[in-house]
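Participant: What would the 3D arrangement of this be:
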Amino acid sequence: MSEKKLSRRDFMRMAAVTAAGATLVACAPAAAPTQAPAEGEKPAEQPAAGEVLPIVYWYGWGNLDPAIAKIVEMEEFKTAIGGAELQYKGSVNNEAMLTAIAAGAPPDGISNQDYTNLFARGATIAVDGMVATSKVVVKDDFIEKIWESTFIDGKQIGVPGLESFLWWGLNYNTDLVEKAGLDPAAPPTNWDEALEWHKKLTTFDDAGNVKTIGLDPYDAMAGETDFAAQSFMGKNWWDEKTKTFDFNNDGFAESLDVMGEFYRIVGPDKMAGMRQAEGQGGWGASYNAQVQSMIIEGYWHPGETQIQQPEVAKFNKSTWAPVPARRKGAQIMATGAHMVAIFKDAKNQNGMFKAAEGLLGDKAMDAIFAEVGWVVGRKSYLAKVDPNTFPGLDFYLKAATEANEWIIGRRSPIHNFVQTQYQELREKVFRDTMPAKDAAAELQKRAEAEWKAQGLG
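Facilitator: Okay, the predicted model is just below:
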């Protein structure tokens, strides 16, 4: 069996192509309740007073392991969890988690999973009561939108931490930009300008094979429906209050056409061939390989690139993600906390909450920042972060107060299903086998049908 560790980028790429039908159907029958357990409900037997149980914690990332290994040895963390043992496991995939839930033996807590769906299906608990008495997890110490992202239908579904900050920024390689005769001090602000940069940064060898591209608009964070909707529509495609979808409109259709044009310039088959080359597929890999000159990524990009490819990171610069020229002045940003979610059937819910608090300690967050490049949108900690630690990080730290359009992403319980349909339909558009308006209408139709099929309405 391969021992390959999944990085954050690898895991998010896998998550993006997981259909919602496979997300949680294994843990509950079709008639499973769509409401979370009542506040304070603890079906699983909890440790008796004075009994110290181990705390079992799983997460999807693999590159978090070195940081956790250091954290569990810290006296600050040991004190936070009352002398218990944290039994942690990284690179946990969706199948392993579902198997454990189905068997009635989940870990105590989990991170880097489909939090919304887990909660909607009643697999995890609300943590409102625990947070109410916490001196560590305090609302006023978190950026407002990050705090909001931990709530669904008025219930707090997890403890924010680990990596919970900003999702969107246009990162570009200043060295490749200068060699193409472009000005790195004047990056594109709209899609028309981004397309011109893309044309000048895209090159081919004598045989017509791709050497470099400007921007893959469907790579990394830009590949999600949330991004296309906010950039072109100025709002989310999912309405949490009415539980309705909004894809069948001119703005979303425009996104399919405009973003598809980047593929048409390179050639859909040539773009696919570039992705199949070793070290150029997956989440952000082509940027690290200096094949892709621009990428729309989150705040983690500067730190991860510095840790993984320092020779590339030194040329990294970040700015606002593009919007249509008609939306000039829109500085769009998305966020959504990664959390420690606590399972309904956990054996040690209280211990898992203490561990979540411990992960918010300054020394613990220092270890995560140094080892992985991640931060949490906790105001007291952000004030201590040096914006020059990683090239490009300064943009994201400023953007937290300068963004004028915000979205909390991945809120729909069928986000992953919608994502797989989006990937199929957008390809039909850039291959010119389906008009953009038809694709937008079809995505609306499929989302509504799946919502009904899952009994979520």
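Participant: that's a helix at Val137, yeah?
Facilitator: No. Counting by DSSP: H, G, I helix; E, B strand; the rest coil, Val137 is not part of a helix but coil.
Participant: so where does the nearest residue to it once chain neighbours are set aside fall, helix or strand?
Facilitator: Among residues not flanking Val137 along the chain, Val131 sits closest, at 5.0 Å (CB to CB, 6 or more residues apart in numbering). Bear in mind the C-beta positions are built from the backbone N, C-alpha and C, glycine included. Element membership for Val131, per DSSP states H and E: helix 128-132.
Participant: starting at the chain centroid, how far to that helix?
Facilitator: Helix 128-132 sits 25 Å away from the centroid of its parent chain (CA atoms, centre = their mean, to the nearest Å).
Participant: what does stretch 448-457 give?
Facilitator: With CA atoms, centre = their mean, you get 24 Å for stretch 448-457.
Participant: Averaged pLDDT, the helix holding Val131. What do you get?
Facilitator: Here helix 128-132 scores 97 as its mean pLDDT.
Participant: do the same with stretch 418-437
Facilitator: For stretch 418-437, the mean per-residue pLDDT is 98.
Participant: What residues sit buried inside the helix holding Val131?
Facilitator: For helix 128-132, the neighbour count (16 or more other CB atoms under 10 Å) marks Met130, Val131 as buried.
Participant: That one - contacts with which helices or strands?
Facilitator: Under the contact definition 3 or more CB pairs under 8 Å, 6 or more residues apart in numbering; DSSP states H and E, helix 128-132 sits against strand 155-156.
Participant: so what secondary structure elements neighbour the next helix or strand after the strand it packs on?
Facilitator: The first helix or strand that comes after strand 155-156 along the chain, using DSSP H and E, is strand 159-160. With contacts defined as 3+ CB pairs under 8 Å, 6+ apart, the packing partners of strand 159-160 are strand 339-342, helix 349-358.
Participant: Partner strands of the helix or strand containing Trp58, with direction?
Facilitator: In this assignment (DSSP H and E), Trp58 forms part of strand 55-59. Counting by DSSP bridges, the strands paired with strand 55-59 are strand 86-89 (parallel), strand 109-111 (parallel).
Participant: That one vs helix 349-358, what angle?
Facilitator: Per axes from the mean of the first three to the mean of the last three CA atoms, to 10 degrees, the angle that strand 55-59 makes with helix 349-358 is 60 degrees.
Participant: just checking, next helix/strand downstream of strand 55-59?
Facilitator: Downstream of strand 55-59, the next assigned helix or strand under DSSP H and E is helix 65-71.
Participant: In that next one, which residues have enough neighbours to count as buried?
Facilitator: Across helix 65-71, burial judged by 16+ other CB under 10 Å covers Asp65, Ala67, Ile68, Lys70, Ile71.
Participant: ok, and the closest non-adjacent residue to the last one?
Facilitator: Beyond its immediate neighbours in the sequence, the residue positioned closest to Ile71 (CB to CB, 6+ apart) is Ala364, lying 4.8 Å away.
Participant: Which pLDDT value belongs to the one you found?
Facilitator: Ala364 is assigned 98 on the pLDDT scale.
Participant: now it: how far from Ile146?
Facilitator: According to CB to CB, to the nearest Å, Ala364 stands 17 Å off from Ile146.
Participant: out of those two, which sits in the more crowded spot?
Facilitator: Neighbours per residue (other CB atoms under 10 Å) separate Ala364 from Ile146, with Ala364 holding more: 25 against 21.
Participant: Could you look up the SS state of the more buried one?
Facilitator: State at Ala364, reduced to three classes by three-state DSSP: helix.
Participant: Quick check, it in contact with Ala356.
Facilitator: No. Contact criterion CB atoms under 8 Å: Ala364 and Ala356 do not qualify, at 10.6 Å.
Participant: The nearest residue to Met339 once chain neighbours are set aside: what's it in contact with?
Facilitator: Spatially, and ignoring its direct neighbours in sequence, Met339 is nearest to Gly158 (2.9 Å; CB to CB, 6+ apart). Under the criterion of CB atoms under 8 Å, 6 or more residues apart in numbering, the neighbours of Gly158 are Tyr115, Thr124, Val127, Thr150, Ala337, Met339, Val340, Ala341, Ile342, Ala356.
Participant: 7 Å instead?
Facilitator: Gly158 makes contact with Tyr115, Val127, Thr150, Met339, Val340, Ala341 under the criterion CB atoms under 7 Å, 6 or more residues apart in numbering.
Participant: Determine which two of these are furthest apart.
Facilitator: The span of the contacts of Gly158, defined through CB to CB, is set by Tyr115 and Val127 at 11.5 Å.
Participant: For the stretch 151-300 of the chain, which segments count as strands?
Facilitator: 151-152, 155-156, 159-160, 170-173, 203-204, 210-215, 238-239, 244-245, 292-296 (DSSP state E, counting those that start in this stretch).
Participant: Tell me which of those approaches Gly303 most closely.
Facilitator: strand 170-173 (11.7 Å).
Participant: Parallel or antiparallel, list what pairs with that closest one.
Facilitator: Strand pairing for strand 170-173, using DSSP bridges, gives strand 292-296 (antiparallel), strand 316-319 (antiparallel).
Participant: Contacts for the shortest one, please.
Facilitator: The contact list for strand 316-319, computed with CB under 7 Å, 6+ apart, reads 169-174, 184, 187, 302, 305, 391-392, 395-396.
Participant: just checking, Val323 touches Ala229?
Facilitator: No. Counting by CB atoms under 7 Å, Val323 does not reach Ala229; the two are 11.7 Å apart.
Participant: dump the residue contacts of Pro302.
Facilitator: Ala313, Asn316, Ser318, Gly373, Phe390, Pro391, Gly392, Leu393.
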